[in-house]
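Peer 1: just the structure for this:
(one chain, ligands or ions: 1)
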Amino acid sequence: MDTSAVSLVFFTSGLIVGSFLNVLVYRLKDAETLLGRSFCRHCEHQIRWYDNIPLLSFILLRGACRDCDKRISWQYPLLELVTGLLFMLTGQYFFSVLDSVSWLTTGWLLFTLSCLVVIGAYDLRHMEIPISMLIISAFLTYLFLGAHFLLVSEPFFGSRLWYGLLGGMVVCGFFFLLVWMSKETWMGWGDVWLGFVAGSVVGLHLILPMLTLSFGLGALVGVFAILYQQKNLKSQLPFAPFLVAGMILTIFLPEAFPWLFQYLAV
Ligand SMILES: [Zn+2]
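Peer 2: Sure thing, here's the model as predicted:
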């Protein structure tokens, strides 16, 4: 397969996974069944299969329900598109058919990125981090780091596993201090655990760029929100979406622009 075919397969799979992640963002909250057919949030009509095609149906329906004409949330097409693009980038930068370690890395990244997308969108919608997604992403990350360590046979104290452990503990410890000192006004306990996952995923050598990007994006959006009077200084912005964005940028930027991160390489 040539690279554009690989990209297309990854992108399409991402769109399909993305539409399932949308279901998770809505249904995890009320412990609704994850299987059953989708229905309109307004009129509760079941959604026909041909109106449930990722991205395409939203465009064809012009963003409104076929039965009641009410608006369909922008979250649906946006999350599908983001997941599609993340899958495509993973395929582009991490996957190579003949390299078995790249299969492992790709599988881990696709699952972890999916969990991250749900965590970010869920926190935006419900102001809380779904614990199930935290547990799954932490478990998968250490499963991957362990398997990677066994497969590439590198010395433990220079391994990805070791840097992952250190990174996880440093970010978790730092966030713990922030939550404790601010009495949960700067961020919440869920962010402390997400910090552990984040540090473990990117590894100790990349936590500084990740935190800079996350806090930078948060500050930027915070300033705009205040300027446009969406929020006052006291109202809270959820932090998880920014940490998720910072993580995702830190996963892909070093692959896309190696020169940018060269000096950080361990
Ligand atoms: Zn409807």
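Peer 1: what helix or strand is Ser200 on?
Peer 2: Counting by DSSP states H and E, the element that carries Ser200 is helix 189-202.
Peer 1: tilt between the one helix or strand Ile207 maps to and helix 189-202?
Peer 2: Here Ile207 sits within helix 207-227, counting by DSSP H and E. Orientation check (axes from the mean of the first three to the mean of the last three C-alpha atoms, to 10 degrees): helix 207-227 against helix 189-202 gives 140 degrees.
Peer 1: which strands and helices lie in contact with helix 207-227?
Peer 2: Contacts defined by 3 or more C-beta pairs under 8 Å, 6 or more residues apart in numbering; DSSP states H and E place helix 207-227 against helix 160-181, helix 189-202, helix 240-256. To be clear about C-beta, it is placed using only N, CA and C from the backbone, and glycine gets the same treatment.
Peer 1: pLDDT value on the closest residue to the ion within the stretch 101-250 of the chain, please?
Peer 2: Residue of the stretch 101-250 of the chain nearest the ion, by C-beta to the ion: Arg125 (19.2 Å). We have a pLDDT of 90 for Arg125.
Peer 1: ditto for the one 4 residues further on
Peer 2: The score at Ile129 is 93. That number is its pLDDT.
Peer 1: wouldn't it be in contact with Tyr122 here?
Peer 2: Yes: Ile129 is within contact range of Tyr122, at 6.9 Å (criterion: C-beta atoms under 8 Å).
Peer 1: and the residue most central in space within the chain, what element?
Peer 2: The centroid of the chain falls nearest to Leu116 when counting by C-alpha atoms, centre = their mean (2.4 Å). Using DSSP H and E, the element containing Leu116 is helix 100-126.
Peer 1: tell me the helices and strands packed up against the helix or strand that that helix is followed by.
Peer 2: Downstream of helix 100-126, the next assigned helix or strand under DSSP H and E is helix 131-152. With contacts defined as 3+ C-beta pairs under 8 Å, 6+ apart, helix 131-152 has these neighbours: helix 100-126, helix 160-181, helix 189-202.
Peer 1: ok, residues contacting stretch 6-15?
Peer 2: 1, 54-55, 80-81, 83-88, 90-92, 95 (C-beta atoms under 8 Å, 6 or more residues apart in numbering).
Peer 1: out of the residues you listed, which are inside helices?
Peer 2: Within the contacts of stretch 6-15, residues falling in helices by DSSP state H are 80-81, 83-88, 90-92.
Peer 1: please pick the buried ones from those residues.
Peer 2: Neighbour-count burial (16 or more other C-beta atoms under 10 Å) applied to the ones in helices among the contacts of stretch 6-15 gives 80-81, 83-84, 86-88, 90-92.
Peer 1: switch the residues you listed over to TSV; also include pLDDT and distance to Thr212.
Peer 2: Putting those into TSV (pLDDT from 0 to 100; distance: C-beta to C-beta, whole Å) gives the following:
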residue	pLDDT	distance to Thr212
Glu80	96	29
Leu81	97	26
Thr83	98	25
Gly84	98	27
Leu86	98	21
Phe87	98	26
Met88	98	26
Thr90	98	23
Gly91	96	27
Gln92	95	25
